[in-house]
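*Asks:* need a structure here:
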Amino acid sequence: MSDYRVTFGDVVIGDTARRYLNAALGRNWVSEGANVRLFEQRFAARFGYHAAVATSSGTDAGLVAMAALHDLGASRGDEVITPALAFAATANCILAAGFVPRFVDVELETLNIDPRRIEATITPRSRAIQVVHTMGKPCRMDEILEIARAHRLSVIEDCCEAHGATLDGALVGSFGMAGLFSFYAAHLICSGEGGMIVTGSPDVAALCRSIRTHGRRDGALYFDFDRIGFNSKMNDLEAAVGLEGLEAFDETFAIRRRHWARLHEMLRDLEERLMLYPDGPGETVAPHAFPLVLRDAERIDGLYAHLERHGIQCKTLFGSLPTQHRAFRFLGYREGDFPVAERIGRSGLHFGLHQYLTDADVEFIADTVSRHFALTRSA
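*Replies:* Below you'll find the model as predicted:
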């Protein structure tokens, strides 16, 4: 069905965004300009990052950050370690930057890369570890950083689903060389499309600014190119919408966390059937969406169809990129290589839990999930 009661998100244009949109139109210039620079400055200031570099999408944020590894000593064909369970962009940006993804299985309890499996994947060609804070749940960064330091590997954090998530009081995106954000409609800050790279290193920020603009030398005359780059710039129209989303972030986060906590509470009686993903010790999970995995490892198709039939838009929990997605078959992995990611791919899904939903919508979600299990129990 197309008329969903519960979608993954909406793009709502308010007065603040319209003011910045009109300012861009009044300048007769909508490519990267004043709105983008202001969005970068305010994003960095709001979350305490040293620098923020806006891009045309979260995928381009990953591509640009990966490409920066070339200036830091990496060569084409070198390897980036990355979780098997993730959105396709995580592997696509590695390949597009000229590297080879080396996949690591994930933890069923967190959906995140399993630190215990990383070292076995490291080779002489490994140059970086990309972690993904899946569904806004922080990875076990202490263990990952210790491994990275021991093997002199860079760490890149995919925070696209994790705006505002914290671990022991520190924001995700602040642990590694760079953090990546997406501003797609379902995310806590939305600019329609768009992304951001954050970093504590002025040198990495300068590299990323160059790479996102065809490899131009910052501050130099036009058409002076120091490195391979891309057209990955955000435009002022996207930044206008992003500025409004950033202004509303605290309220958005609070509403989504309230919905998220309420749904955890209402589904508690189903925990013998469902794996849920609440805050762990020292964590504040970003309420990006609501993931769940069937405990019995059965296929999720029945619950998926039931929710869709009742107006709740669903997506699977990504699945194992190297073994459950045709696009990555050429890398030579076989089914069974990543059993946890594959299990989650068969038995997990997620749905939206955004700020425009009402309390009644959240109750409707819980009732709909519960009805499915009542029906299957009585069948």
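*Asks:* mind listing the helices for the protein?
*Replies:* Assignment of helices within the chain using DSSP state H yields the ranges 15-26, 34-47, 58-71, 89-96, 141-151, 202-211, 236-247, 249-266, 301-309, 321-324, 339-347, 359-378.
*Asks:* Ala86 versus the residue lying closest to Leu95 once chain neighbours are set aside, what's the distance?
*Replies:* With sequence-adjacent residues excluded and distances taken as CB to CB, 6 or more residues apart in numbering, Leu95 is closest to Pro101, at 6.7 Å. Quick note: C-beta positions are derived from backbone N, CA and C, even for glycine. When CB to CB, to the nearest Å is the yardstick, Pro101 and Ala86 sit 10 Å from each other.
*Asks:* can you give me the neighbour number for Gly336?
*Replies:* Here the count is done by other CB atoms under 10 Å, and Gly336 has 9 residues near it.
*Asks:* just to revisit the earlier point, possible to save the helices of the chain as JSON lines with distance to Glu193?
*Replies:* Formatted as JSON lines, the entries for the helices of the chain read as follows, by distance: least, CB to CB, whole Å:
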{"stretch": "helix 15-26", "distance to Glu193": "14"}
{"stretch": "helix 34-47", "distance to Glu193": "13"}
{"stretch": "helix 58-71", "distance to Glu193": "9"}
{"stretch": "helix 89-96", "distance to Glu193": "13"}
{"stretch": "helix 141-151", "distance to Glu193": "28"}
{"stretch": "helix 202-211", "distance to Glu193": "18"}
{"stretch": "helix 236-247", "distance to Glu193": "6"}
{"stretch": "helix 249-266", "distance to Glu193": "18"}
{"stretch": "helix 301-309", "distance to Glu193": "25"}
{"stretch": "helix 321-324", "distance to Glu193": "22"}
{"stretch": "helix 339-347", "distance to Glu193": "26"}
{"stretch": "helix 359-378", "distance to Glu193": "26"}
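*Asks:* got JSON lines for those helices, with distance to Asp226, mean pLDDT and mean neighbour count too?
*Replies:* Formatted as JSON lines, the entries for the helices of the chain read as follows, by distance: least, CB to CB, whole Å; pLDDT from 0 to 100; neighbours: other CB atoms under 10 Å:
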{"stretch": "helix 15-26", "distance to Asp226": "29", "mean pLDDT": "93", "mean neighbour count": "15"}
{"stretch": "helix 34-47", "distance to Asp226": "21", "mean pLDDT": "97", "mean neighbour count": "19"}
{"stretch": "helix 58-71", "distance to Asp226": "9", "mean pLDDT": "98", "mean neighbour count": "26"}
{"stretch": "helix 89-96", "distance to Asp226": "19", "mean pLDDT": "98", "mean neighbour count": "22"}
{"stretch": "helix 141-151", "distance to Asp226": "27", "mean pLDDT": "98", "mean neighbour count": "15"}
{"stretch": "helix 202-211", "distance to Asp226": "6", "mean pLDDT": "96", "mean neighbour count": "21"}
{"stretch": "helix 236-247", "distance to Asp226": "26", "mean pLDDT": "96", "mean neighbour count": "25"}
{"stretch": "helix 249-266", "distance to Asp226": "35", "mean pLDDT": "97", "mean neighbour count": "17"}
{"stretch": "helix 301-309", "distance to Asp226": "48", "mean pLDDT": "97", "mean neighbour count": "16"}
{"stretch": "helix 321-324", "distance to Asp226": "32", "mean pLDDT": "98", "mean neighbour count": "23"}
{"stretch": "helix 339-347", "distance to Asp226": "38", "mean pLDDT": "98", "mean neighbour count": "22"}
{"stretch": "helix 359-378", "distance to Asp226": "51", "mean pLDDT": "91", "mean neighbour count": "15"}
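*Asks:* quick one: contacts for Glu335?
*Replies:* Thr323, Gln324, Glu342 (CB atoms under 8 Å, 6 or more residues apart in numbering).
*Asks:* poorly predicted segments of the stretch 51-200 of the chain, please.
*Replies:* Within the stretch 51-200 of the chain, not a single segment meets pLDDT under 70.
*Asks:* which residue ranges make up the domains of the chain?
*Replies:* Taking automatic domain parsing as the domain assignment, the record places the domains of the chain at 15-247, 249-378.
*Asks:* wait, which of those is closest to Val6?
*Replies:* Val6 lies closest, by CB to CB, to one member of those: domain 249-378, at 4.4 Å.
*Asks:* what separates the closest one from the chain centre, distance-wise?
*Replies:* In this view, domain 249-378 has its centroid 15 Å away from the chain centroid, taken as CA atoms, centre = their mean, to the nearest Å.
*Asks:* can you check stretch 4-16 too?
*Replies:* Its chain's C-alpha centre lies 19 Å from the corresponding centre of stretch 4-16 when counted by CA atoms, centre = their mean.
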